[in-house]
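>>> Just to be clear, the model below is a prediction. Sequence and coordinates:
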Amino acid sequence: MLKKVIATLLLVGFASFAAWQALAPKDDEGEKLSSYEDLNIKEGQAEVANGEPYGLEPGDQAPPFTLKDTQGKSVQLSDFKGKKIILNFWATWCPPCKEEMPAMQQFHDTSGKEVHILAVNLTSSEGSKQSVSTFLKENKLSFQVLLDEKDEVATKAYRVMTIPTSYFINEKGKIVKRINGPMTLEQMETFASESSS
């Protein structure tokens, strides 16, 4: 009897794992998008994927882009010229992304006029655009969210391999810091208080 129970549990476990693998979000090449914990890439490491180094580095110019927000309005990075920006890449299915959202909202509420948050959702990995809007509403998030529907910005322009990944961009459009993994309120506040170099 005990052997049958153990065998049944193992079978259910394997079936669940296989279903999870089949349904896990994938990028254009069919590779599963990862959370930062999966690859364990630390800030400043020069990991290489598909011949390209992972992520952009401090000192790099932030690549320009145009994406639509959740209301369908086109937004360009250049719209924020002369302002500090936190450019965050995330998805609703990513637990570490959800972990940093309360701190991002708190920072937006207190410092949103000094530093603008642009949270770029990897919409190509989501079930639908509507699921993103539902997530924002349910979690009472009001910072600006952009939809990367064709994965043109995240993995192509910014070479993001794990999420969340965030870039702190100064008023001159230069990347001053890259954070792999969830941001803390302290990191965002430190960036807000730093003078441009």
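Sure thing, it's come through.

>>> I'd guess Ser78 is in a helix, am I close?
Yes - counting by DSSP: H, G, I helix; E, B strand; the rest coil, Ser78 falls inside a helix.

>>> Below-threshold pLDDT in this structure: ranges please.
For the chain, applying pLDDT under 70 flags the ranges 1-54, 196-197.

>>> So which residues of it form helices?
Using DSSP state H, the helices of the chain run over 2-23, 36-39, 95-111, 129-138, 185-193.

>>> List the contacts of the fourth one.
It refers to helix 129-138. Thr70, Thr92, Asn121, Thr123, Glu126, Leu141, Val145, Leu147, Glu149 (CB atoms under 8 Å, 6 or more residues apart in numbering). Placement of C-beta: from N, CA and C, glycine included.

>>> Check which residues of it are buried.
Val132, Phe135, Leu136 (16 or more other CB atoms under 10 Å).

>>> picking that back up, buried subset of the contacts of helix 129-138?
For the contacts of helix 129-138, buried by 16+ other CB under 10 Å: Thr70, Thr92, Asn121, Thr123, Glu126, Leu141, Val145, Leu147.

>>> Correct me if wrong: the fourth one contacts Val145.
Read it as Thr123. No - with contact defined as CB atoms under 8 Å, Thr123 does not reach Val145; the gap is 9.7 Å.

>>> picking that back up, hmm, which two among the contacts of helix 129-138 are most spread apart?
The most widely separated members of these, counting by CB to CB, are Leu141 and Glu149 (19.1 Å).

>>> burial measure for Glu186, as a count.
By other CB atoms under 10 Å, 10 other residues sit near Glu186.

>>> and it, how far is that from Ala192?
11 Å (CB to CB, to the nearest Å).

>>> can you check Arg178 too?
Distance from Arg178 to Ala192, counting by CB to CB: 17 Å.

>>> ok, these two, which is more surrounded?
Arg178 (21 against 16).

>>> Any idea what that one is bridged to?
Beta bridges link Arg178 to Tyr167, judged by DSSP bridges.

>>> got the contact list for it?
Glu43, Gly44, Gly55, Leu56, Glu57, Pro58, Thr165, Ser166, Tyr167, Phe168.

>>> with these in mind, which one is nearest to Glu99?
Ser166 (12.7 Å).

>>> Contacts only, for the closest one.
Residues in contact with Ser166, defined by CB under 8 Å, 6+ apart, are Ile86, Leu87, Asn88, Phe89, Arg178, Ile179, Met183.
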